[in-house]
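**Student:** Provided below for reference: sequence and predicted model.
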Amino acid sequence: MTHPVPQTQTLAARSQRAVWHPCTRLRPDAASNEPPLAIASGDGPWLVDTDGHRYFDAISSWWVNLFGHANPRINAALTAQLQTLEHVMLAGCTHAPAVELAERLSALTGHALGNAFYASDGASAVEIALKMSFHYWRNTGLATKREFVCLRHGYHGETVGALAVTDVEIFRDAYDPLTRRAHVVMSPDARQAAGDETAADVAARALAELETLLRERAGQIAALIVEPLVQGAAGMAMYDPSYLDGARALCDRYRIHLIADEIAVGCGRTGTFFAWEQTRDGEPVPPHAWPDFLCLSKGITGGYLPLSLVLSRPEIQRAFVADDIARSFLHSHSYTGNPLACRAALATLDLFEQDNVLAHNRDRAQWLADAMAGIAADARVSNVRQRGLIWAADVDADAAGADFAARFHIAARAHGVLARPIGNTLYVMPPYVFDAALANWLGEQLLATLQSVLGPQQDEQETRHAA
Ligand SMILES: Cc1ncc(COP(=O)(O)O)c(C=O)c1O
């Protein structure tokens, strides 16, 4: 199926001239710069281009969308908010959506965390947590604690401060001279299991390496930052929850903050509202076992508006209570706590509560696993893995060839799917609005796309689960 797309190309061409697109290469040969897909509207899990072709948003528009595009309930909440208050600065003023959202998120942590500090993008939330951690230690007389630790291949955003704790070469290397690079320690990525090792064994190895560093430099290190359970931009690297509990214990032992970056994995993506909840096997997380800082963004507004925030322990804020202005956290952004964004987030939390979303997502996770079985069975695919509504697998380098991600993305469009592999990792992370039939359809389209990109398998023996 190919799409004749004259109108789309018109808008796409104008966009290429007028808009500097994010995370996009500009090649000297203009013809090799793939035009962007010109989207006119959204409808549930579907995006509709300017010529009316529909694409299943298999990656939730960069992992932000939870309840579909143009969701009637979020739309209604936003429309009502628009009639009341579109924006007011949050320094010296406040408003109901910002207060209610902060209260409800704190309640979701059993009030272990609170004092929501708002910003707009994920990277800003990361920078706020880094600055707060450093400043906390300075305010408590430990000004030498100014270094950070991140995981190998961890990703925390693209601003200069966030890049310092990001270990993805293609995003970081060009700006390395601008950053104060963090210590990088072994990731607990379960794909590193050797021989009989389990994911928990890999986590234990990674913890041992972490402890060596923390023991040596506890006096200089302010915080460890992690993406709980799934390192998204690393290619959906998944790991055992025991790593998080172990890291919490080490950070306590060496007096180091733990920052949980739940920007991608929060809001139900991994099966629980916060990924961190999976450290306790279904039991509530006791107050002392939460991270010191928790960053949220992306899905918190259902994918509607830019909003990020940092929750922290009460004792963090107490260290900033002082007459001396130098001890205050004077960070701000113009749109901090925007009422529309907070209202969209409240509507998102209402949907979680009213529709029992986390329970239904357990069924959806199973439908997704079943639907991807065809791809999982292809012998050219390995490391099939899933955590909640994130499914991923790696295409062997020989089979994938050059530019696999770009070729797959284009081929998937012709099958009515918006997908963007990371390197040779094929993944799906759909909005929480599909049934078993739609999951099967998605699996079929992705399998057909894979076969069109890699070619058919040589013979039946290449099918992993062939009899
Ligand atoms: C784990 C994580 N942290 C931070 C960010 C940065 O968020 P933003 O792109 O909104 O700045 C991302 C974005 O993908 C992310 O996945």
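**Tutor:** Happy to help now that I have it. Numbers count the residues shown, from 1 in each chain.
**Student:** Tell me who's in contact with the residue of the stretch 301-450 of the chain found nearest the ligand.
**Tutor:** When scored by CB to the nearest ligand atom, the stretch 301-450 of the chain has Ser308 as its residue closest to the ligand, at 6.5 Å. Glycine gets a C-beta too; all of them are placed from N, C-alpha and C. Shown in contact with Ser308 (CB atoms under 8 Å, 6 or more residues apart in numbering): 118-122, 124-125, 263, 295-297, 300.
**Student:** Could I get the phi/psi values of it?
**Tutor:** In terms of degrees, to the nearest 10, the main-chain angles of Ser308 are phi -140, psi 160.
**Student:** about what we covered before: put together JSON lines for the contacts of Ser308, with pLDDT, neighbour count and distance to Pro45 on each row.
**Tutor:** Below are the contacts of Ser308 laid out as JSON lines (pLDDT from 0 to 100; neighbours: other CB atoms under 10 Å; distance: CB to CB, whole Å):
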{"residue": "Tyr118", "pLDDT": "98", "neighbour count": "24", "distance to Pro45": "29"}
{"residue": "Ala119", "pLDDT": "98", "neighbour count": "24", "distance to Pro45": "28"}
{"residue": "Ser120", "pLDDT": "96", "neighbour count": "20", "distance to Pro45": "25"}
{"residue": "Asp121", "pLDDT": "98", "neighbour count": "19", "distance to Pro45": "24"}
{"residue": "Gly122", "pLDDT": "98", "neighbour count": "27", "distance to Pro45": "22"}
{"residue": "Ser124", "pLDDT": "98", "neighbour count": "25", "distance to Pro45": "28"}
{"residue": "Ala125", "pLDDT": "98", "neighbour count": "30", "distance to Pro45": "27"}
{"residue": "Ile263", "pLDDT": "98", "neighbour count": "27", "distance to Pro45": "21"}
{"residue": "Cys295", "pLDDT": "99", "neighbour count": "30", "distance to Pro45": "26"}
{"residue": "Leu296", "pLDDT": "98", "neighbour count": "25", "distance to Pro45": "22"}
{"residue": "Ser297", "pLDDT": "98", "neighbour count": "28", "distance to Pro45": "21"}
{"residue": "Ile300", "pLDDT": "98", "neighbour count": "26", "distance to Pro45": "19"}
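**Student:** Stretch 382-392 and the ligand, are they touching?
**Tutor:** No. Legend: contact between stretch 382-392 and the ligand by CB under 6 Å from any ligand atom is lacking; minimum distance shown is 11.5 Å.
**Student:** distance between that stretch and the chain's centre?
**Tutor:** How far stretch 382-392 lies from its chain's middle: 14 Å, per CA atoms, centre = their mean, to the nearest Å.
**Student:** residues in contact with the one residue in the chain that gets nearest to the ligand?
**Tutor:** Nearest residue of the chain to the ligand: Gly122, at 2.2 Å (CB to the nearest ligand atom). For Gly122, the contact set (CB under 8 Å, 6+ apart) comprises 156-157, 261, 263-264, 295, 297-298, 308.
**Student:** what about stretch 221-230, how long is it end to end?
**Tutor:** 24 Å (CA to CA, to the nearest Å).
**Student:** near the ligand, which residues of the stretch 101-250 of the chain?
**Tutor:** Taking CB under 6 Å from any ligand atom as the contact definition, the stretch 101-250 of the chain meets the ligand at 121-123, 126, 155-157, 227, 232-233.
**Student:** do the same with the stretch 251-400 of the chain
**Tutor:** So the stretch 251-400 of the chain meets the ligand at 261, 263-264, 297 (CB under 6 Å from any ligand atom).
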